[in-house]
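Peer 1: no FASTA, just this:
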DNA sequence: GCCTGGATTAACCGAAACGGTCAACAGGAG
DNA sequence: CTCCTGTTGACCGTTTCGGTTAATCCAGGC
């Protein structure tokens, strides 16, 4: 990797990175063409190969960047500074939104990368993703004060349900934005209402 | 299209169709190779071109089949025979499961097809999908007896939440099946519990 | 055994796409 | 003018792809 990449204007760096996230998130590694990444990013293919020695290196760079970004956002939004289940979820949602604002395709890329079958990639990725995911979930259940909840509630099921719902809700919002539909300024308002509604029912 | 395709043994027809659903659901139209469909289906590429005149025809055949399958399952499971919101959702979930059992990649294909950008496909698909989706939702809200619900509940929001949750839950189950983890025999049991739990809270 | 006809395929073709390279170009600094 | 840095169009060898064709396989009838 050519480290002069980091001396580029920030805007250009992000444009290239986001183009790569986008193309890699829509195609498998093998079928994601470098030429398309260059086109989407508004630079020439030759320049891409000037900064990244080859396709694999670009891919692994993106992978490491995505993990770093997620970590950074989690600490910036102080996700682990509370013992309250719903406050923690709220913080991590805000963190996720901030990542998406800068890198709209980062999460889609990360999911796709996790399932990537290309042998050159598979081994190095799956273990690190699993590690990140497990550790963050472990932290969650270590920190959270479970004594607040009703006994007849399976809090892990609620957690899953909220994850799935927030995921669907975010996808819906992004879709609306893409089609340039009008939506509320505070994107999370509606979902936060849902969160509080759930909260009222599962607390003692 | 060569109608002798339908005289093939049912098992072979389904094998080919499912192979095509799978490959088209994992790649965009342009990047889904006919050769891969043939390989996955366990037949030669030449045979594929013997039954379907070209790639586009196979794709449109799959699209029409998928709509037909969804309709068929909806009527078989009598989705519109009730006015109860939760019973209707329950029925349509059972219908969806039955479709997935026969055609595991049908829904993923349908979603991908809806967003397909290839001009040859885009026009003919989006309108029909939109029509199907709108009409089925209209039927839902026409049939459902909304008087049962608490006034402070936005039932459409609940509907969305349940859709997203059931979607996530199904994905999770399919993932477990793929990795051959042990799961309960009655896949829906857990989610149905969730459904009833929601029901208790939103009814008057 | 041989013939026939439909199902199935290996081998092939021309065109396009792909990863990667390289010589050349633009333009600002000295 | 020269140098230097960032940038690119054009190119190359290889692979992939949609689609075709001639040949093969095989069951059933004689």
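Peer 2: It's in. Since this is a predicted model, take the numbers as computed values, not measurements.
Peer 1: number of nearby residues for the residue of chain A found nearest DNA strand D?
Peer 2: The nearest approach of chain A to DNA strand D comes at residue A:46, 2.9 Å away (CB to the nearest atom of the strand). Where you see a C-beta, it was placed from the backbone N, CA and C, and this is true even at glycine. Using other CB atoms under 10 Å in any protein chain shown, residue A:46 has 8 neighbouring residues.
Peer 1: For chain A, what lies in contact range of chain B?
Peer 2: Neighbours of chain B within chain A, by CB under 8 Å from any CB of the partner chain: A:26-28, A:31, A:157, A:160-161, A:163-165, A:167-169, A:172, A:190, A:194, A:201.
Peer 1: hmm, try it at 10 Å
Peer 2: By the rule CB under 10 Å from any CB of the partner chain, the part of chain A lying against chain B is A:26-28, A:30-33, A:115, A:152-154, A:157-158, A:160-172, A:175, A:190-191, A:193-194, A:197-198, A:200-202.
Peer 1: Name the helix or strand for the residue of chain A closest to DNA strand D, please.
Peer 2: helix A:45-51 (DSSP states H and E).
Peer 1: At the geometric centre of chain A, which residue sits there?
Peer 2: The residue lying closest to the centre of chain A (CA atoms, centre = their mean) is residue A:107, at 3.2 Å.
Peer 1: All the helices of chain A, residue numbers only.
Peer 2: A:10-26, A:34-41, A:45-51, A:55-76, A:85-102, A:106-114, A:119-143, A:155-178, A:189-202 (DSSP state H).
Peer 1: Dump these into CSV; add mean pLDDT as well.
Peer 2: Formatted as CSV, these follow (pLDDT from 0 to 100):
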stretch, mean pLDDT
helix A:10-26, 97
helix A:34-41, 98
helix A:45-51, 97
helix A:55-76, 96
helix A:85-102, 93
helix A:106-114, 95
helix A:119-143, 85
helix A:155-178, 87
helix A:189-202, 73
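Peer 1: how about the residues of chain A that lie near DNA strand D?
Peer 2: A:4, A:7, A:8, A:12, A:31, A:43, A:44, A:45, A:46, A:47, A:50 (CB under 7 Å from any atom of the strand).
Peer 1: Give me the buried subset of those residues.
Peer 2: Among the residues of chain A next to DNA strand D, the ones that count as buried by 16 or more other CB atoms under 10 Å in any protein chain shown are A:31, A:43.
Peer 1: circling back to that earlier point, run the contact check for the helix holding residue A:46 versus DNA strand C.
Peer 2: Yes: counting by CB under 7 Å from any atom of the strand, DNA strand C is contacted by helix A:45-51 at A:45, A:46, A:49.
Peer 1: Identify the residues contacting that helix?
Peer 2: Contacting residues not belonging to helix A:45-51 are listed as A:1-6, A:8, A:12-13, A:16, A:19-20, A:33-39, A:41, A:43-44, A:54-55, A:57-58, A:61 [CB atoms under 10 Å, 6 or more residues apart in numbering or on different chains].
Peer 1: Whichever of the residues you listed end up buried, select them in PyMOL.
Peer 2: Of those, the buried ones go into a single PyMOL selection, burial set by 16+ other CB under 10 Å:
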select buried, chain A and resi 5+16+19+20+34+36+37+38+41+43+55+58+61
